[in-house]
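> Structural data only, the sequence is not supplied:
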């Protein structure tokens, strides 16, 4: 232990450490110089690659635009899903039957019209034409059926509507 302490106190050891620190400092200065040169070359390269603009700024702008487009796509997808839900309620199936309600009236001027949505809910309209009057009756339809008694023509109109795809 004493030998180590004597060596540390010797002038040669202190001189060696001083030289080592000087070499280390010179190496550090060289690294700083090389780093600044490399940084300058990197900036010049980015300028040339970006056609006179800074490529990093272009990439940041591009990423901002990509994020904005993703957000807009999500909004559009949500709107489309809401529209799909609304379309289920819209009338998509139509069936019509013309017929002669009374024998003394010429032509098929009476009609039955079934209007159904995707779930086969809707109404059936029955328009009865006579010489002195004309009446229209409506009956609700749920799941392709009505809780009211249906005429033969109304059943035919509903079936025509149900057969539509």
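Thanks, I have the structure now. These numbers come from a predicted model, not from an experiment. Residues are numbered from 1 along each chain as shown.
> Okay, now the unreliable bits of this protein?
1-2, 8, 49-54, 104-105, 165 (pLDDT under 70).
> That one: strands as residue ranges?
For the chain, the strands defined by DSSP state E cover 91-99, 110-117, 122-129, 134-141.
> So for stretch 129-138, what gets flagged as buried?
residue 129 (16 or more other Cβ atoms under 10 Å). (C-beta placed from N, C-alpha, C; glycine too.)
> Quick one: distance of stretch 126-139 to the chain centre.
Its chain's C-alpha centre and that of stretch 126-139 lie 48 Å apart, by Cα atoms, centre = their mean, to the nearest Å.
> which residues are contacting it?
Applying Cβ atoms under 8 Å, 6 or more residues apart in numbering, the external contacts of stretch 126-139 come out as 101-102, 104-105, 109-113, 123-125, 146, 148, 150-151, 153-154.
> ok, now stretch 103-117?
With Cβ under 8 Å, 6+ apart as the test, stretch 103-117 has contacts from 88-101, 122-131, 141, 144, 151, 153-154, 156-158, 160-162.
> Any of the contacts of stretch 126-139 buried? List them.
Among these, those classed as buried by 16+ other Cβ under 10 Å are 101, 109-113, 124-125, 146, 150-151, 153-154.
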